[in-house]
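> sequence-free structure coming up:
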């Protein structure tokens, strides 16, 4: 029996009469038998379209999943503008319903879905032969049932749609579908009302602009609906075949709703149908597709929204009638009234973003709910918070007392219409809009160094934190967080170098054995000695005035550098939190966009209480001094110590050391330090570290096997040093380095009394 074909509209043309280049080329090649397995049938022209009809030989197996014939008749319909894919139609009248068909108003002829790429990309490599062979492969794989792969997402219930509807993520969960779902604050994004957003859901007195009626279709094997409904009657017919009598459910609900609340009659109806989908007839449901249908009048009247009210819908599907403004129920409805005069807009339903989905879209397997207190919502801090908020990472308390100024917007995550607002409050609001979940963001608009009446609020926030992240670029804030805050939270500091080219992240270990201030000092030692970091603290920009006050000055810093390092920093923070170890890392960018990562090796920290001072140093410095000593044995040697004071907390940081100068005297039992080039060397370290390391005292070694107790010469030198440092109100510091594991520190004044040595601490 010969197959019956749908006749194509249009006037018959010969191949050389076609004017569209792709259509003419295809027809000419088919007519000349230049494309294998394909034979030209006819060409037609219809308005702006040209159609090439051809028979195509298909390689089909003996046992087919879908009844594809060895020869199928195909029509390729080209538009003269060449802006969209050509429409490919299977003209056989009984061509089967198979996956991957495009929706169209007419179900037959079937419209084959061939392409996944944009047409603009496909046009670059378009040939008639490849086009025909793509159709042939589509038919072959469809016959085998392999066109849709097992690991491929299920085919959507509908493809073509008129607009979008965004619903709150939990709107359809646990819905009692027999009740009206009141939808508040639904609004169109554009003038055409093609994009609707449901901002909230709330039961009220029925004065809602829209009421949603939610229905569910029985489970369906995917790929079975292939035409777009244009009226309510069309939709009812479509879903009726799938086991859902939508009109009966609607009539029953509308009558019940009217009886409970007459005010509902003026509301507009949004129809939502959930379509559970399974891969095969005998498999479990994999996913539920919700689709929404906006019920409309056939033509808009002047000053009319075009939406059907529940009152009007009830009349058009024979629930009730209206006379003299009175609504009366119809006892025996005319079931031929199926809504043919009710037009539909098909709305593709999406759900508002949640933290869980944000995390998944960012490639994360699970939500990380670490409570992070972020200090500083400036250029870098604001972009870091927004980057992590967009990935659903963390719960945040944002602390900053500054307001957003106009010049800040040049490099800030916040936008211009938030100028004048507190940065912490504005950033909290802005971050909350990503998913609409405000509980994960809290603002503390206060100064960490002077919280005033909010001191207890800040203290409580710190105690409840898991991570305290300093992005304030303030040494005073960093030291307070490291030393003064009563909290078990792990501390981190993230900041840009003055030029903006380098990013630094300092991270305590989870148990806080290496505290943030000590990590900061080891970072300075690396900056002081690593030649690749020689320009780390140099500023490349200029200072600019943005107001009239003497303090209204800001540095020029390119936004692209802030954005680059905000991306790196956000990833680095996530990894640092996942790792329990202490770390210090520098990322160096250049003008070409290259970024180099430098990991700083941290060593165990030594903290000692000596008189009224807390001395802080580390094993790395002791190893360095031991190497200086070993290189000069059996002679004694020495040099100067570099470090920093925190006079507010009485902390002395001993960070680095310089070896003996060339003019020093070194003997087996005596060392006399020289001074040649010493001032220049110390100043160089001071400049390299932006003034953070400076001269603080002296060190020298003792011979092998000797004690690290001070000799008479050492006491005399220490007395001189004490007098020298007291001029500036600073303590004298001396270190004596002996055999491995033996080092003594001296801080303050050594006196010859009952206790001959005061302020001595030994480390072995």
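Looks like it arrived, so ask away. Keep in mind that what you see is a predicted model, and the values were worked out from it rather than measured. Numbers count the residues shown, from 1 in each chain.
> and the top helix by length along the chain, which residues are buried?
Assignment by DSSP state H gives helix 559-578 as the longest helix of the chain. For helix 559-578, burial by neighbour count (16 or more other Cβ atoms under 10 Å) applies to 561-566, 568-570, 572-574, 576-577. The way it works is simple: take the backbone N, C-alpha and C, and place the C-beta from them, glycine included.
> Please, where are all the helices along the stretch 151-300 of the chain?
With DSSP state H, counting those that start in this stretch, the ranges of helices along the stretch 151-300 of the chain come out as 232-240, 246-260.
> The ones you listed into JSON lines, with extra columns for distance to residue 677 and mean neighbour count?
Output for the helices of the stretch 151-300 of the chain, formatted as JSON lines (distance: least, Cβ to Cβ, whole Å; neighbours: other Cβ atoms under 10 Å):
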{"stretch": "helix 232-240", "distance to residue 677": "90", "mean neighbour count": "20"}
{"stretch": "helix 246-260", "distance to residue 677": "92", "mean neighbour count": "17"}
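> These: which one's closest to residue 269?
Counting by Cβ to Cβ, residue 269 lies closest to helix 246-260 out of the helices of the stretch 151-300 of the chain; the figure is 8.4 Å.
> ok, back up a step: quick one: average confidence on the longest helix of the chain?
Computed over helix 559-578, the mean pLDDT rounds to 96.
> packing partners for it?
Where contact means 3 or more Cβ pairs under 8 Å, 6 or more residues apart in numbering; DSSP states H and E, helix 559-578 is packed against helix 379-390, strand 490-496, strand 502-507, strand 583-589.
> Domain boundaries for this structure, per the record?
What automatic domain parsing lists as the domains of the chain is 11-144, 163-352, 359-600, 605-763.
> And those, which one averages the lowest pLDDT?
What stands lowest among the domains of the chain, in mean pLDDT terms, is domain 163-352, with a mean of 78.
> now that domain: how far from the chain's centre is it?
35 Å (Cα atoms, centre = their mean, to the nearest Å).
> can you give me the end-to-end distance of that domain?
16 Å (Cα to Cα, to the nearest Å).
> Residue 55 bridge partners, please.
Residue 55 has these beta-bridge partners by DSSP bridges: residue 39, residue 73.
> That one and residue 498: what is the separation?
Remark: distance between residue 55 and residue 498 (Cβ to Cβ, to the nearest Å) = 74 Å.
> just checking, residue 635 is part of a strand?
No. Residue 635 is assigned coil when assessed by DSSP: H, G, I helix; E, B strand; the rest coil, not a strand.
> Find the nearest non-adjacent residue to it, please.
Take residue 635 and drop its neighbours on the chain: the residue closest to it by Cβ to Cβ, 6 or more residues apart in numbering is residue 666, 4.3 Å away.
> And for residue 459?
Once flanking residues are discounted, residue 459 sits nearest to residue 486: 6.9 Å by Cβ to Cβ, 6+ apart.
> neighbours around the one you found, how many?
Per other Cβ atoms under 10 Å, the neighbour tally for residue 486 reads 8.
> from what I can see it touches residue 461, true?
No. Using Cβ atoms under 8 Å, residue 486 makes no contact with residue 461, being 11.7 Å away.
> Which element, helix or strand, includes residue 480?
Assigned by DSSP states H and E, residue 480 belongs to helix 475-483.
> One more: residue 627?
Secondary structure (DSSP H and E) places residue 627 in helix 619-632.
> any idea how far that helix is from the chain center?
What separates the centre of helix 619-632 from the centre of its chain is 46 Å, taken as Cα atoms, centre = their mean.
> Packing partners of that helix?
helix 516-529, strand 651-658, strand 694-701, strand 733-737.
> Give me the angle between the third one and helix 619-632.
Okay, so that is strand 694-701. Orientation check (axes from the mean of the first three to the mean of the last three Cα atoms, to 10 degrees): strand 694-701 against helix 619-632 gives 50 degrees.
> The longest one now?
Interaxial angle of helix 516-529 relative to helix 619-632 (the same axes, to 10 degrees): 40 degrees.
> Helix 475-483 and helix 516-529, what's the angle between them?
For helix 516-529 against helix 475-483, the angle by the same axes, to 10 degrees is 130 degrees.
> Give the buried residues for helix 516-529.
Buried positions in helix 516-529, judged by neighbour count with 16+ other Cβ under 10 Å: 516-528.
> where do the strands sit along the stretch 401-550 of the chain?
441-444, 467-470, 490-496, 502-507, 543-545 (DSSP state E, counting those that start in this stretch).
> Quick one: closest of those to residue 120.
strand 502-507 (38.4 Å).
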